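**Q** starting from these lines, generate the structure:
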Amino acid sequence: MSQSTNGMDKLELEHKEKYFLYNGFCSELVKQFVELISQDNISIAFPIESRVKSWTSICENCERHKIAPQNLNEIEDFAGIRIILLFIRDLRKTCNIVEGNFKVLKKEDVTKRLEENKFGYSSMHYILTPPPGWFSLPSLKNTKGFKAEVQIRTASQHIWATASHVLQYKREKDVPIPLQRSINRVAALLETVDLEFERVLLDRGLYIEKIEKVEDEILNTDSLRKTLEKLLPKKNLELHEDFSELLEDLRVFGITIVKKLEVIIKNHWDKVKETEAMELLIKEEELGEGEPIRGASKARIRKGVFFNHVGLTRCALQEEFGSDFRDYMDYGRKASNGK
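**A** A predicted model of the protein is given here:
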């Protein structure tokens with residue numbers, strides 16, 4: 001008993017010494033995941049989150065599972081990161097990011113575990129550590145040997161996992177018989193959500209392919225985005241632009257079909273490029289002088305980009321409609337949004 005107590009005392013001391021290091025380790029991993037996922041145009045449902053287990057949580061886990069780890073490295077999920085995706089099609093892409101950029105120590109597809117009891121949630125779990133070269137970074141130099149559990153699932157899968165945890169229904173035999181039909185119906189509905197979203201994405205892809213062949217296509221969020229991707233430089237596009245708000249701007253000025261928008265952008269493109277070049281020059285000077293950058297990120301300025309696709313389009317609209325558009329941006333839209 002005293003040996004076990006002594007072991008827990010040593011574990012607690014290690015926890016105190018490394019807890020904040022592990023927090024920094026997780027923060028750096030999250031930062032890298034955000035960058036890698038954005039490069040692959042993957043849509044996440046919520047910001048990527050991380051956590052490091054508290055000492056209380058470790059004690060409860062050891063008592064519940066009757067285990068006595070000798071050090072923190074034996075606790076595979078001591079540091080955890082969760083990535084929640086919007087669409088099931090992005091699961092494979094995200095797994096490829098993990099397997100292509102990290103050293104995977106362990107991989108588990110929870111779906112395979114479910115084949116035995118046909119009850120639970122799908123999720124991909126990894127135990128991983130960064131590649132050796134990463135530990136030369138100042139933020140990771142004291143974390144060599146650290147590892148983290150990474151869970152990847154869709155929003156629907158996450159709802160099921162969270163509800164199951166609260167209800168404490170981890171296995172089918174845990175569910176009271178009168179509730180089994182209801183709980184299985186919920187599981188089926190959530191699985192259907194993922195499948196129907198996949199159907200929407202497929203139908204949307206087919207629709208977008210058709211847009212390119214129809215110049216008198218009515219502008220909507222998808223046709224607007226596709227038109228701008230065709231006309232404007234790819235480097236200016238941001239992952240999450242507010243095309244729905246730009247669509248309202250266009251409707252106010254009577255621009256409702258693709259062809260009309262194309263004509264306006266092409267007619268004023270030289271002036272739009274001049275406007276962006278002037279903005280870039282100002283921002284580059286501010287960047288060189290160490291001043292805060294407003295209206296764009298430092299990364300975009302260094303890439304030679306100021307406006308996104310929505311911004312470039314509004315520059316063209318200002319050239320087309322002059323003070324009427326400026327007044328609308330300053331007063332008209334604000335008044336409209338306030339209603």
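**Q** low-confidence stretches in this protein?
**A** Across the chain, the ranges flagged by pLDDT under 70 are 1-5, 111-121, 164-165, 168-174, 211-215, 293, 295, 332-339.
**Q** count the residues that sit near Lys266.
**A** The tally of other residues near Lys266 (other Cβ atoms under 10 Å) stands at 11. To be clear about C-beta, it is placed using only N, CA and C from the backbone, and glycine gets the same treatment.
**Q** now for the helix or strand hosting Asn96, which elements pack on it?
**A** Assigned by DSSP states H and E, Asn96 belongs to helix 90-101. Contacts defined by 3 or more Cβ pairs under 8 Å, 6 or more residues apart in numbering; DSSP states H and E place helix 90-101 against helix 2-39, strand 79-85, strand 124-129, strand 148-154.
**Q** could you tell me the angle between the third one and helix 2-39?
**A** Compare the direction of strand 124-129 with that of helix 2-39 by axes from the mean of the first three to the mean of the last three Cα atoms, to 10 degrees and you get 110 degrees.
**Q** roughly how far is strand 124-129 from the heart of the chain?
**A** 18 Å (Cα atoms, centre = their mean, to the nearest Å).
**Q** name the helices or strands packed onto that strand?
**A** Against strand 124-129 (3+ Cβ pairs under 8 Å, 6+ apart) you get helix 90-101, strand 103-109, strand 148-154.
**Q** isn't Ser156 up against Glu191?
**A** Yes - counting by Cβ atoms under 8 Å, Glu191 is a contact partner of Ser156 at 7.1 Å.
**Q** more neighbours: the two, which one.
**A** Each of Ser156 and Glu191 has its neighbours counted (other Cβ under 10 Å); Ser156 has more, 26 against 17.
**Q** list the residues that contact the residue most central in space within the chain.
**A** Nearest to the mean C-alpha position of the chain, counting by Cα atoms, centre = their mean, stands Ile44 at 3.2 Å. When contacts are counted by Cβ atoms under 8 Å, 6 or more residues apart in numbering, Ile44 touches 37, 83-86.
**Q** how about it, phi and psi?
**A** Per-residue torsions, Ile44: phi -100, psi 150 (degrees, to the nearest 10).
**Q** ok, and the closest non-adjacent residue to Ser50?
**A** Cys26 (3.8 Å; Cβ to Cβ, 6 or more residues apart in numbering).
**Q** count the residues that sit near that neighbour.
**A** Using other Cβ under 10 Å, Cys26 has 20 other residues around it.
**Q** residues touching it, list them.
**A** 50-52, 79-81, 148.
**Q** list buried residues within these.
**A** Among those, those classed as buried by neighbour count (16 or more other Cβ atoms under 10 Å) are 50, 52, 79-81, 148.
**Q** that older thread, want to throw the contacts of Cys26 into a markdown table with distance to Leu246?
**A** As requested, these are exported to a markdown table (distance: Cβ to Cβ, whole Å):
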| residue | distance to Leu246 |
| --- | --- |
| Ser50 | 34 |
| Arg51 | 38 |
| Val52 | 41 |
| Ala79 | 41 |
| Gly80 | 39 |
| Ile81 | 34 |
| Ala148 | 39 |
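**Q** just those now: which is nearest Gln32?
**A** Nearest to Gln32 among the contacts of Cys26 is Ile81, at 10.3 Å by Cβ to Cβ.
**Q** the closest one bridge partners, please.
**A** Counting by DSSP bridges, Ile81 forms beta bridges with Ser50, Val150.
**Q** quick check, it in contact with Val34.
**A** No - using Cβ under 8 Å, Ile81 makes no contact with Val34, being 10.9 Å away.
**Q** shared neighbours, the two?
**A** Ile48.
**Q** tell me the domain ranges of the protein?
**A** Annotated domains of the chain cover 2-188, 215-337 [automatic domain parsing].
**Q** same list (the ones you listed) but as CSV, adding distance to Arg199.
**A** Listed next are the domains of the chain as CSV, based on distance: least, Cβ to Cβ, whole Å:
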stretch, distance to Arg199
domain 2-188, 11
domain 215-337, 16
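**Q** mind checking which of those is nearest Leu202?
**A** domain 2-188 (9.2 Å).
**Q** centre of the chain to the closest one, how far?
**A** Centroid separation for domain 2-188 versus its chain: 17 Å, with Cα atoms, centre = their mean.
**Q** which parts of the stretch 151-300 of the chain are helices?
**A** Using DSSP state H, counting those that start in this stretch, the helices of the stretch 151-300 of the chain run over 155-167, 177-211, 221-231, 243-252, 258-288, 298-302.
**Q** dump the ones you listed to CSV, plus distance to Lys103.
**A** Converted to CSV, the helices of the stretch 151-300 of the chain look like this (distance: least, Cβ to Cβ, whole Å):
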stretch, distance to Lys103
helix 155-167, 26
helix 177-211, 30
helix 221-231, 36
helix 243-252, 39
helix 258-288, 36
helix 298-302, 27
